[in-house]
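>>> need coordinates for the following:
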Amino acid sequence: MNLVEIIKYFESKYPKELAYDWDNVGLQVGTLNMKAKRVLVSLDLTKEVVKEAIEKKVNMIITHHPLIFTPMDKIVFDSPKGWIVKNLIKHNITVYSAHTNYDVAEGGMNDVLANALKIKSAKMLDMNDEIGRFGQIDEVDFITFIKNVKSSLKLDSVKVIGRTDRLTKTIGISGGSGSKHMYAAKKAGCDVYLTGDVTYHTALDAIALGITIVDIGHHAEKIFVPTIKKELSEQFSEVEFLESEINTDPYIEY
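Numbering: from 1, shown residues only. Below is the predicted model of the structure:
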């Protein structure tokens, strides 16, 4: 079996054509014309992840966030990204990324997050961007809800914007940086909207709008790793799929 067979299956579920125009998904480095033996799944591609891949002798890394967003006009080995590209080529490691196509696809990121939070009969949150999900959960007080979110998504902490004295039943969620969809969440009647990367001024706008937002951070998308590892392991039992053990979250909490 070649790597191309894995990717053909993957793209049948998460077509590249679903990706946003600004995104860069698919094959990033290397070739798919290679025997599939061991594949590493990671949220991001950092130097530490590449070192892990070399140590574990994998021949492909599947990531959610692309290594290359915009064209590279030079590859300087002394730069962080240049070092990564050099060592991927040197060790014959292919890199494939599924980003916004995985986010919007049925069964992709937002469905995985909605399922983790036990949202019932999740529907599309923002039809304009075909992103996010919303629906109902069993009604709980806000503090219990936050505890459940942290437990379900394996988060140490979250940021809360807006009222915390309400019962929580209708929930909206969008992985990554989805603060612009808070208006769609408000329109959908969400008690709480969960997303990442909410800026200071957007937080003030949310308070004025009267919606409670829980900033779960961009790294909450780490749920991609065990989900894809499980899905591909079940589909291709003859290939060994590994979850990266590297924590790529750039933020440190004190």
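
>>> residue 175: neighbouring residues, count only.
26 (other C-beta atoms under 10 Å). No exception for glycine: its C-beta is placed from N, CA and C like everyone else's.

>>> typo on my end, residue 51
Neighbour number of residue 51 under other C-beta under 10 Å is 13.

>>> what about it, distance to residue 84?
Going from residue 51 to residue 84 by C-beta to C-beta, to the nearest Å gives 10 Å.

>>> how about residue 175?
24 Å.

>>> swap in residue 11?
In this view, residue 11 and residue 84 are 24 Å apart by C-beta to C-beta.

>>> what's residue 48 sitting at in phi/psi?
Backbone torsions of residue 48, given as degrees, to the nearest 10, read phi -70, psi -40.

>>> no, scratch that, I was asking about residue 12
Note on residue 12: its backbone torsions stand at phi -70, psi -30 [degrees, to the nearest 10].

>>> ok, the one 5 residues further on next?
According to degrees, to the nearest 10, the main-chain angles of residue 17 amount to phi -60, psi -20.

>>> list the residues that contact the residue nearest the centre of the chain.
Note on the chain: the residue nearest the mean C-alpha position is residue 221, at 3.4 Å, using C-alpha atoms, centre = their mean. The contact partners of residue 221, by C-beta atoms under 8 Å, 6 or more residues apart in numbering, come to 43, 64-65, 109, 175-176, 196.

>>> packing partners of the strand or helix carrying residue 241?
Using DSSP states H and E, residue 241 sits in strand 240-243. Contact analysis of strand 240-243 by 3 or more C-beta pairs under 8 Å, 6 or more residues apart in numbering; DSSP states H and E lists strand 38-42, helix 224-235 as its packing neighbours.

>>> in CSV, list the C-alpha atoms belonging to it.
Only the C-alpha atoms of strand 240-243 are listed here, as CSV (Å, rounded to 0.1, in the frame of the first residue of the first chain):
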residue,chain,number,x,y,z
GLU,A,240,0.7,2.0,12.1
PHE,A,241,-0.7,5.4,13.0
LEU,A,242,0.8,7.3,15.9
GLU,A,243,-0.4,10.3,17.9
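
>>> where does residue 134 sit: helix, strand or coil?
Put simply, residue 134 is strand when judged by DSSP: H, G, I helix; E, B strand; the rest coil.

>>> that one pairs with what?
residue 123, residue 172 (DSSP bridges).

>>> re earlier: partner strands of the strand holding residue 241 and their direction?
Going by DSSP bridges, the partners of strand 240-243 are strand 38-42 (parallel).

>>> what mean pLDDT does the strand it pairs with get?
Per-residue pLDDT over strand 38-42 has a mean of 98.

>>> ok, back up a step: return the members of the contacts of residue 221 classed as buried.
Using 16 or more other C-beta atoms under 10 Å as the burial test, these include 43, 64-65, 109, 175-176, 196 as buried.

>>> sorry, back to before: including mean neighbour count, could the helices and strands packed on strand 240-243 go into a markdown table?
Listed next are the helices and strands packed on strand 240-243 as a markdown table, based on neighbours: other C-beta atoms under 10 Å:
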| stretch | mean neighbour count |
| --- | --- |
| strand 38-42 | 24 |
| helix 224-235 | 17 |
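
>>> closest one to residue 137 among these?
Of all these, helix 224-235 sits nearest to residue 137, with 19.9 Å by C-beta to C-beta.

>>> quick revisit: now the strand holding residue 241: how far from the chain's centre is it?
Remark: strand 240-243 is offset 17 Å from the chain centroid, using C-alpha atoms, centre = their mean, to the nearest Å.

>>> give me the residues contacting that strand.
By C-beta under 8 Å, 6+ apart, the residues outside strand 240-243 that reach it are 37-41, 56, 58, 225-226, 228-229, 232-233.

>>> show me the two of the residues you listed that sit farthest apart.
Maximum pairwise distance in those, criterion C-beta to C-beta, is 20.7 Å, between 37 and 226.
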